[in-house]
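Student: what's the 3D shape of this:
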Amino acid sequence: MKRAATVLLTVALLCCANVVRSNDARGGEPRGAELSDVRDFLFMAPERPLFIRMHIQVDGRGFREQPDVLAERLFATLDADENGSLSEEEAKQIPPRNRFRDASRSTPITIAELDRDGNSQISPDELRHFVRQNVGEPLEIKRPPGSRKLDAELFNQLDAGSDGVVTAEEILNTRINLAKYDIDDDETLSKLEFAALLPPVNADTASVGTTLIALDNSRWQSDVALKVLKVYGKPSASHGDRRQLSREELGVDAATFAKLDTDGDGGLKLAEITALVQDPTPQIELLAELDSRRKRTTVSPLSKSAGVEFQPGRNGRLTLFIPGTEILIDSERSGVTVRDESKLFRLRFLQSDRDKNGYLDESEFTGLELTGANFAAVDRDGDGMVMVKEVTRYVDQRMSLARNQISLSVAMDGKSLFDILDVNTDRRLSPREFREAMSHLEEWDINQDGRLVLTEIPSKYKLTFSLGQSLLFPSGSMAAQPENMEARRPDANRDAPVWFQKMDRNRDGDISIREFLGPPTAFQSIDSNSDGLIDVEEAKAIDKTSP
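Tutor: I've put the predicted structure just below:
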């Protein structure tokens with residue numbers, strides 16, 4: 001009985017290996033040059049590109065070995081006679097190909113699909129090959145919608161001169177130019193309306209537009225290199241104003257740059273940057289050790305780079321300080337255990353069994369709210385009745401495997417440019433906030449020249465490792481919910497005169513000439529500072545002077 005239970009558990013672990021799949025999975029055997037724990041990234045820092053090599057390990061083994069770990073465990077539990085190979089009868093318990101991608105489907109598999117050498121036996125290598133083909137990359141990179149892309153587009157809109165700097169005059173003019181995006185015509189621009197400025201995202205090049213870019217996908221390498229050149233490279237008069245990347249702009253030592261600068265002209269051109277992206281020379285190396293039992297990740301630096309400081313934190317977290325940017329690397333800590341999930345679904349079983357006959361039929365099954373599962377997948381023996389043991393076994397199997405899947409979430413974790421301008425935090429920019437924008441941006445104007453560049457605005461990012469996904473809380477619903485981009489209407493007019501409250505239709509705390517119901521001369525007399533807006537204090541002042 002114990003061996004049977006173990007077999008069932010391990011089969012389910014393998015079946016569900018794609019509960020969380022990588023969007024850029026390659027499948028098949030790893031390239032010979034790859035290390036089992038290495039993943040290379042490019043971080044688009046404000047001042048320079050930063051090539052980061054992460055060594056990611058789970059319980060002491062490289063993350064790319066996880067399909068092999070699953071295959072080894074499955075083989076050990078299925079090889080009942082322990083003769084080092086699986087017979088046709090033993091191989092029947094191997095999950096079919098499509099079950100790796102959909103836990104609710106099941107189609108019988110033939111030994112011919114697995115038996116590559118045709119000897120009617122399945123060897124460990126044959127099973128490992130089958131597993132690798134179907135589970136793909138065991139690391140998923142999640143990129144929740146963040147504010148930095150919106151920041152960049154907002155900055156581009158403010159930068160009317162397209163010279164990379166923003167002035168107070170440009171901000172005022174931008175408000176007029178962006179009026180066409182004011183969908184509800186309330187004279188303010190909300191985050192939702194600003195989002196309409198963003199270009200559509202192509203699924204194949206989505207990662208190129210992000211701050212942290214994985215470098216092991218050849219489809220994007222030329223796009224990544226071009227982006228690096230456009231963002232950091234400067235035109236060179238000696239090369240016909242073509243953009244190049246200098247050693248200072250790349251931030252590497254002379255010896256490393258000399259190897260990259262194949263023509264020795266002192267600057268990296270597109271072809272040379274593409275070669276760097278294809279075979280990156282890491283400027284920083286980090287070790288991320290994931291402990292599946294303790295549900296924590298310990299991150300430590302293996303090498304350092306000039307201009308980058310490290311600060312270890314509690315529970316294995318690490319913060320990188322890069323000029324203009326902070327990166328916190330942490331792990332998700334869930335208090336929900338496999339046992340907790342099983343208990344809850346047993347309780348749901350009892351609640352769903354409306355006729356109290358000890359099993360669930362198809363109409364009662366929906367009460368379980370079991371994510372990604374249909375009735376047939378849980379009804380293992382196909383008798384049309386789902387018993388509590390079948391539910392418990394299914395949940396235990398799904399969760400045990402899900403906990404072995406790795407994800408890395410990349411999110412912005414600080415104040416955005418929009419947030420800085422949005423003084424009253426109502427998630428929209430009012431005429432007054434546009435008018436006074438430069439005064440609020442002065443603290444970020446590092447060189448105090450009255451002009452702002454995007455890199456002067458500090459950014460914070462959080463990289464979070466996690467193992468698996470809960471069935472109770474799918475898609476990270478335990479984590480903080482995405483920000484609602486709809487505007488909140490502030491209660492800024494509580495103390496204002498009644499006539500002011502009625503005229504301030506968009507409730508931004510000001511009355512514009514469009515909202516004012518009186519003649520223009522009356523508006524001008526109330527607008528004592530002639531800024532084109534009547535605020536609450538000006539309204540109160542006119543009330544005091546009125547008989």
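Student: can you map out the helices along the stretch 351-500 of the chain?
Tutor: Taking DSSP state H, counting those that start in this stretch as the test, the helices found in the stretch 351-500 of the chain are 362-365, 375-378, 388-402, 417-421, 431-435, 437-441, 498-503.
Student: Ile56 is nearest to which of these?
Tutor: Ile56 sits nearest to helix 388-402 of all those, at 17.7 Å, using CB to CB. Every residue, glycine included, has its C-beta placed from N, CA and C.
Student: average pLDDT for that closest one?
Tutor: What helix 388-402 shows for mean pLDDT is 72.
Student: All the strands of the stretch 251-400 of the chain, residue numbers only.
Tutor: With DSSP state E, counting those that start in this stretch as the criterion, the stretch 251-400 of the chain has strands at 284-291, 296-303, 309-312, 318-322, 325-331.
Student: With mean neighbour count and mean pLDDT added, can I get those in a markdown table?
Tutor: Output for these, formatted as a markdown table (neighbours: other CB atoms under 10 Å; pLDDT from 0 to 100):
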| stretch | mean neighbour count | mean pLDDT |
| --- | --- | --- |
| strand 284-291 | 19 | 91 |
| strand 296-303 | 17 | 88 |
| strand 309-312 | 12 | 92 |
| strand 318-322 | 19 | 90 |
| strand 325-331 | 21 | 88 |
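Student: Can you name the element that comes right after the strand or helix carrying Glu170?
Tutor: Assigned by DSSP states H and E, Glu170 belongs to helix 168-177. Following helix 168-177 in sequence order, the next helix or strand is strand 189-190 (DSSP H and E).
Student: That following strand - contacts with which helices or strands?
Tutor: Applying 3 or more CB pairs under 8 Å, 6 or more residues apart in numbering; DSSP states H and E, one finds that strand 189-190 makes contact with strand 428-429.
Student: Which strands border the strand it packs on, and is each parallel or antiparallel?
Tutor: strand 189-190 (antiparallel) (DSSP bridges).
Student: Tabulate the helices of the stretch 351-500 of the chain in TSV, adding columns for distance to Gln57 and mean neighbour count.
Tutor: Putting the helices of the stretch 351-500 of the chain into TSV (distance: least, CB to CB, whole Å; neighbours: other CB atoms under 10 Å) gives the following:
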stretch	distance to Gln57	mean neighbour count
helix 362-365	40	16
helix 375-378	33	18
helix 388-402	19	21
helix 417-421	37	18
helix 431-435	48	20
helix 437-441	43	17
helix 498-503	61	16
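Student: right, so of those helices, which gets closest to Leu154?
Tutor: Taking CB to CB, helix 417-421 is the member of these nearest to Leu154, at 5.7 Å.
Student: other SSEs contacting that closest one?
Tutor: Other helices and strands packing on helix 417-421, by 3+ CB pairs under 8 Å, 6+ apart, are helix 148-158, helix 437-441.
Student: cutoff 6 Å now
Tutor: In terms of contacts (3 or more CB pairs under 6 Å, 6 or more residues apart in numbering; DSSP states H and E), helix 417-421 is packed against helix 148-158.
Student: For the helix it packs on, what does the pLDDT average out to?
Tutor: Averaged across helix 148-158, the pLDDT comes to 70.
Student: what's the answer for stretch 164-183, then?
Tutor: The pLDDT scores in stretch 164-183 average 78.
Student: So which bits of that stretch are buried?
Tutor: By neighbour count with 16 or more other CB atoms under 10 Å, stretch 164-183 contains the buried residues 165-168, 170-172, 174-175, 178, 182.
Student: Counting neighbours, what do you get for Pro519?
Tutor: 9 (other CB atoms under 10 Å).
Student: which ones are touching it?
Tutor: Contacts for Pro519 (CB atoms under 6 Å, 6 or more residues apart in numbering) come out as none.
Student: can you give me phi and psi for it?
Tutor: In terms of degrees, to the nearest 10, the main-chain angles of Pro519 are phi -70, psi 160.
Student: on that earlier part again, Serialize the strands of the stretch 251-400 of the chain to CSV and add fields for distance to Asp504.
Tutor: Formatted as CSV, the strands of the stretch 251-400 of the chain follow (distance: least, CB to CB, whole Å):
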stretch, distance to Asp504
strand 284-291, 51
strand 296-303, 50
strand 309-312, 47
strand 318-322, 44
strand 325-331, 39
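Student: now for the ones you listed, which one comes closest to Ile526?
Tutor: Nearest of those to Ile526, taken as CB to CB: strand 325-331 at 45.7 Å.
Student: Measure how far that closest one is from the centre of its chain, please.
Tutor: Distance, stretch centre to chain centre, for strand 325-331: 13 Å (CA atoms, centre = their mean, to the nearest Å).
Student: end-to-end on stretch 275-290?
Tutor: From its first residue to its last, stretch 275-290 covers 32 Å (CA to CA, to the nearest Å).
Student: neighbouring contacts of that stretch?
Tutor: 40, 50-58, 215, 221, 224-225, 256, 260, 297-303, 305.
Student: circling back: looking at the strands of the stretch 251-400 of the chain, which is closest to Met385?
Tutor: Nearest of the strands of the stretch 251-400 of the chain to Met385, taken as CB to CB: strand 284-291 at 39.6 Å.
Student: partners of the closest one, with directions?
Tutor: Strand pairing for strand 284-291, using DSSP bridges, gives strand 49-58 (parallel), strand 296-303 (antiparallel).
Student: Next, the angle from it to strand 325-331.
Tutor: Calculated by axes from the mean of the first three to the mean of the last three CA atoms, to 10 degrees, strand 284-291 forms an angle of 20 degrees with strand 325-331.
Student: now strand 284-291: how far from the chain's centre is it?
Tutor: On the basis of CA atoms, centre = their mean, strand 284-291 sits 19 Å off its chain's mean C-alpha point.
Student: what's the burial count for Ser123?
Tutor: Neighbour number of Ser123 under other CB under 10 Å is 17.
Student: Apart from its neighbours in sequence, what residue is nearest it?
Tutor: Residue nearest to Ser123 in three dimensions, not counting chain neighbours: Ser85, with 5.6 Å by CB to CB, 6 or more residues apart in numbering.
Student: what number of residues lie near the one you found?
Tutor: When neighbours are defined as other CB under 10 Å, Ser85 has 17 of them.
Student: now swap in the one 3 residues further on and tell me
Tutor: Applying other CB under 10 Å, we find 14 other residues in the vicinity of Glu88.
Student: now it: how far from Leu114?
Tutor: 10 Å (CB to CB, to the nearest Å).
Student: And Glu309, by the same measure?
Tutor: Glu309 sits 51 Å away from Leu114 when distances are taken as CB to CB.
Student: again with Leu192
Tutor: Remark: distance between Leu192 and Leu114 (CB to CB) = 51 Å.
Student: which one of those two has more residues nearby?
Tutor: A direct count of neighbours by other CB under 10 Å for Leu192 and Leu114 places Leu114 higher, at 19 against 15.
Student: check contacts around that one.
Tutor: The contact partners of Leu114, by CB under 6 Å, 6+ apart, come to 122, 126, 130.
Student: rerun that using 10 Å as the cut-off
Tutor: By CB atoms under 10 Å, 6 or more residues apart in numbering, the residues touching Leu114 are 86, 88, 91, 94, 97, 121-123, 126-127, 129-130.
Student: looking at those residues, which has the most residues close by?
Tutor: That'd be Leu86 among the contacts of Leu114, by other CB under 10 Å, with 26 neighbours.
Student: Setting aside sequence neighbours, what's the nearest residue to it?
Tutor: Nearest non-adjacent residue to Leu86, counting by CB to CB, 6+ apart: Ile122, 3.9 Å away.
Student: any idea how far Pro67 is from that neighbour?
Tutor: According to CB to CB, Ile122 and Pro67 sit 16 Å apart.
Student: cool, and Leu50?
Tutor: Counting by CB to CB, the gap from Leu50 to Pro67 is 30 Å.
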